[in-house]
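Trainee: next come a sequence and a model predicted from it.
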Amino acid sequence: MIEVVPAKPSHVNTIANRMRSIDRYECGVFGHSPKSALRQGLMSAAMAFTVLIDGRPEAMFGVTTISLFDSTGRPWLLMTDEGGKSRRALVRLGRLYTEGMQRHYSLLHNWVSAENDVTIRWLARLGYAIGGVEMIREHPMRAFIRCATPSR
């Protein structure tokens with residue numbers, strides 16, 4: 001059973017200790033260990049959630065405010081290999097929560113490893129535009145961006 005609950009500090013260790021290798025790599029690009037990335041994400045998030053699969057924390061995600069001036073948020077998601085197995089649920093939940101984030105931010109922006117093909121395809125399905133390869137600290141990364149649709 002998949003359940004989404006408010007993220008708690010007690011969820012950090014179990015996810016960090018079993019984090020997907022590609023997520024560990026992405027944390028490292030920005031100078032974080034899995035544990036510090038989850039802690040910082042949780043502490044700075046405007047909203048943060050944990051995905052429980054059969055009661056066990058398998059992913060944490062949220063959005064951090066980058067700029068109130070231009071209403072920009074940084075969405076993030078870090079997960080275990082087990083969390084990545086529920087692809088249909090991830091797309092459904094991803095759409096639902098991305099729409100929720102977009103109601104608070106006119107622009108969502110972050111980076112993904114250029115080698116993270118699974119996440120890049122998932123982000124595209126959620127409506128993010130994927131940028132070209134750019135080097136960040138000598139690592140190939142791609143920006144992903146999603147703009148709010150103007151109301152009529």
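Mentor: Here it is on my side, so go on. Because the structure is a prediction, the values reported are computed rather than measured.
Trainee: can you point out the buried residues in the helix or strand of the chain with the lowest mean pLDDT?
Mentor: Ranked by mean pLDDT, DSSP states H and E, the helix or strand of the chain with the weakest confidence is helix 87-102, at a mean of 90. Along helix 87-102, these residues count as buried under the neighbour rule (16 or more other CB atoms under 10 Å): L90, L93, G94, Y97, T98, M101, Q102. All C-beta atoms are positioned from the backbone trio N, CA, C, and that covers glycine.
Trainee: now, which of those residues sits nearest Y25?
Mentor: Distance ranking of those against Y25, using CB to CB, places L90 first at 19.2 Å.
Trainee: where do the strands of the protein begin and end?
Mentor: Counting by DSSP state E, the chain forms strands over residues 2-6, 45-53, 56-67, 72-79, 107-113, 129-136, 139-147, given from the N-terminal end onward.
Trainee: now the ones you listed as a markdown table including mean neighbour count?
Mentor: Output for the strands of the chain, formatted as a markdown table (neighbours: other CB atoms under 10 Å):
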| stretch | mean neighbour count |
| --- | --- |
| strand 2-6 | 12 |
| strand 45-53 | 19 |
| strand 56-67 | 21 |
| strand 72-79 | 22 |
| strand 107-113 | 20 |
| strand 129-136 | 12 |
| strand 139-147 | 17 |
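Trainee: to V12, which of the ones you listed lies closest?
Mentor: Smallest distance to V12 across the strands of the chain (CB to CB): 7.5 Å, for strand 56-67.
Trainee: what does the closest one contact?
Mentor: Contacts of strand 56-67 with the rest of the structure, by CB atoms under 8 Å, 6 or more residues apart in numbering, involve 7, 11-12, 14-15, 38, 41-42, 44-52, 72-80, 82-83, 97, 101, 104-105, 108-109.
Trainee: that one pairs with which strands, and in what direction?
Mentor: Based on DSSP bridges, the strands next to strand 56-67 in the sheet, each with its direction, are strand 45-53 (antiparallel), strand 72-79 (antiparallel).
Trainee: for those strands, give me a markdown table that also has mean pLDDT.
Mentor: Written out in a markdown table, the entries for these read as follows (pLDDT from 0 to 100):
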| stretch | mean pLDDT |
| --- | --- |
| strand 45-53 | 96 |
| strand 72-79 | 96 |
